[in-house]
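In: Here is the input, now give the coordinates:
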Amino acid sequence: MLKEFKDFIMTGNVVEFAVAVILAGAIGTVVNGFVNDIVMPFVGHFAGGMDFSQMKIVLTEASGVEGAADYVAENAIRWGAWINTIISLIIVGFVLFLIVKAYNKAQPPAPAEDPGPTDLDLLGEIRDLLKK
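Out: From the prediction side, this is the model:
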């Protein structure tokens with residue numbers, strides 16, 4: 001059983017999948033950094049200097065001193081953070097679209113497949129066989 005597991009893990013597909021997952025995590029970090037550190041400041045600037053992440057509807061105010069036993073944290077609907085998440089999703093999707101588009105353009109064209117005989121060719125062969 002241990003040998004079977006070793007054979008399974010060492011197959012190309014599993015190793016390639018593991019590498020793909022690790023690279024996807026790294027690319028995700030880079031893309032998120034690009035969105036949060038470069039693009040979102042532009043979005044905030046063109047939205048009139050608004051910081052969406054601070055926008056919220058407070059349901060219950062915080063009470064007490066933070067760290068004390070009787071401290072109650074603020075309860076709020078953070079709709080601005082949700083808007084940031086939606087904007088980030090759209091930007092990340094667009095950046096990934098551009099990456100995949102560039103990758104596909106860099107790939108060599110696939111060799112043309114032989115379409116094989118057409119219906120007319122087959123009918124011609126049948127006609128010739130029937131003549132014999």
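
In: now the helices for this protein?
Out: Along the chain, counting by DSSP state H, helices occupy 2-9, 12-34, 40-46, 79-106, 119-131.

In: Nearest to K56, out of those?
Out: Closest to K56 of the helices of the chain is helix 79-106 (C-beta to C-beta; 6.2 Å). Backbone N, C-alpha and C define where each C-beta goes, glycine included.

In: residues of that closest one that come out buried?
Out: Across helix 79-106, burial judged by 16 or more other C-beta atoms under 10 Å covers G80, I83, N84, I87, S88, I91, V92, V95.

In: I'd say the third one and M40 touch.
Out: Yes. At 6.9 Å, N84 counts as touching M40 under the criterion of C-beta atoms under 8 Å.

In: mind putting the helices of the chain in a markdown table, mean pLDDT and distance to S53 included?
Out: Listed next are these as a markdown table, based on pLDDT from 0 to 100; distance: least, C-beta to C-beta, whole Å:
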| stretch | mean pLDDT | distance to S53 |
| --- | --- | --- |
| helix 2-9 | 78 | 43 |
| helix 12-34 | 80 | 14 |
| helix 40-46 | 79 | 9 |
| helix 79-106 | 84 | 5 |
| helix 119-131 | 88 | 63 |
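
In: Can you give me the neighbour number for V19?
Out: 10 (other C-beta atoms under 10 Å).

In: What pLDDT does the model give the residue located most distally from the centre of the chain?
Out: The centre of the chain is farthest from one residue, K132, which by C-alpha atoms, centre = their mean lies 61.9 Å away. pLDDT, K132: 82.

In: shouldn't N32 be in contact with S88?
Out: Yes. Using C-beta under 8 Å, N32 is in contact with S88, at 7.4 Å.

In: Kindly check the end-to-end length of stretch 72-86 for me.
Out: 29 Å (C-alpha to C-alpha, to the nearest Å).

In: can you give me how far it is from the chain middle?
Out: Centroid separation for stretch 72-86 versus its chain: 24 Å, with C-alpha atoms, centre = their mean, to the nearest Å.
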